[in-house]
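1. Below is the structure, and that's it, no one-letter string:
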């Protein structure tokens, strides 16, 4: 699981400074966890994301964005509450989910939003 800065976010996810329209730069679907160290629900989500990163290795990428360190990224996505989780399919628009989700909700979102197009072929 990788922590993204503004610079690595632009390379791996979306170069928002040069693109008005959403255009995903990654090769695999991704989940981006907007979190902060002081946020208790974020700490509940962290081990679930670690498990998912292992279980879906090679199928999707999981990134973390520290909203305290990367306030500009948080502002670009209008993050007002954390954790906020951005589910990013390789095609189409990303979908944001707010709050600490249980693992089965992640699995369902991964299968419905992120991996559905992969298995549709």
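-> Arrived safely. Everything numeric in this text was worked out from a predicted model, so none of it was measured.
2. what about the residue nearest the centre of the chain, which SS state?
-> Residue closest to the average C-alpha location in the chain (CA atoms, centre = their mean): residue 32, at 1.5 Å. Here residue 32 is recorded as strand under DSSP: H, G, I helix; E, B strand; the rest coil.
3. if I look at it, how far off is residue 14?
-> 10 Å (CB to CB, to the nearest Å). C-beta coordinates here come from the backbone N, C-alpha and C atoms, glycine included.
4. And for residue 85?
-> For residue 85, the distance to residue 14 - CB to CB - is 15 Å.
5. what helix or strand does residue 85 sit in?
-> Residue 85 is part of strand 84-88 when elements are defined by DSSP states H and E.
6. for that strand, packing partners?
-> strand 30-35, strand 95-98 (3 or more CB pairs under 8 Å, 6 or more residues apart in numbering; DSSP states H and E).
7. Quick check: neighbours of that strand in the sheet, parallel or antiparallel?
-> Partners of strand 84-88 in the sheet, by DSSP bridges, are strand 30-35 (antiparallel), strand 95-98 (antiparallel).
8. So which of the ones you listed is the most surrounded?
-> Here the criterion is mean neighbour count by mean count of other CB atoms under 10 Å, and of these the winner is strand 30-35, at a mean of 24.
9. Tell me the buried residues in the longest helix along the chain?
-> Counting by DSSP state H, the longest helix found in the chain is helix 40-55. Of the residues in helix 40-55, 42, 45, 48-49, 52-53 count as buried by neighbour count, 16 or more other CB atoms under 10 Å.
10. what is the rounded mean pLDDT of the helix or strand just after that helix?
-> Under the assignment DSSP H and E, the closest C-terminal helix or strand after helix 40-55 is strand 61-66. On average, the pLDDT along strand 61-66 is 97.
11. which helices and strands sit right next to strand 61-66?
-> In terms of contacts (3+ CB pairs under 8 Å, 6+ apart), strand 61-66 is packed against strand 2-3, helix 6-12, strand 30-35, helix 40-55.
12. Mean confidence (pLDDT) on the following helix or strand past that strand, please.
-> Helices and strands here follow DSSP H and E; after strand 61-66, the next one along the chain is helix 71-76. Across helix 71-76, pLDDT averages out at 94.
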